[in-house]
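Trainee: with the input below, show me the fold.
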Amino acid sequence: MVTVLKIIGIPLYIYGVSLLVYPLFDMDVDGLGQIVLVIPVTLIAYWQVFFARNNEK
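Mentor: Numbers count the residues shown, from 1 in each chain. Below you'll find the predicted structure:
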């Protein structure tokens with residue numbers, strides 16, 4: 001259950017933060033461009049949460 005929440009919650013959190021941050025930097029990005037920018041950050045977050053922490057143990 002926790003894994004499912006992480007899989008759903010991480011992209012929603014990153015997308016929400018991006019909605020708050022983009023206006024601060026005056027970036028003219030449409031909806032598709034914003035999603036394209038969020039995808040790599042989401043993949044990096046998945047890597048950190050699911051794989052990098054497991055390797056430390």
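
Trainee: averaged pLDDT, the longest helix seen in the chain. What do you get?
Mentor: Longest among the helix segments of the chain by residue count, using DSSP state H, is helix 2-21. Confidence over helix 2-21, taken as the mean pLDDT, stands at 83.

Trainee: what helices or strands is it leaning on?
Mentor: helix 31-46 (3 or more Cβ pairs under 8 Å, 6 or more residues apart in numbering; DSSP states H and E). (Glycine included, C-beta is placed from N, CA and C.)

Trainee: contact partners of the longest helix of the chain?
Mentor: The list of residues contacting helix 2-21 from outside it, by Cβ atoms under 8 Å, 6 or more residues apart in numbering, reads 34-35, 37-38, 41-42, 45-46, 49-50.

Trainee: could you redo the last one with a cut-off of 10 Å?
Mentor: When contacts are taken as Cβ atoms under 10 Å, 6 or more residues apart in numbering, the neighbours of helix 2-21 outside the stretch itself are 27, 29, 34-35, 37-39, 41-46, 48-50.
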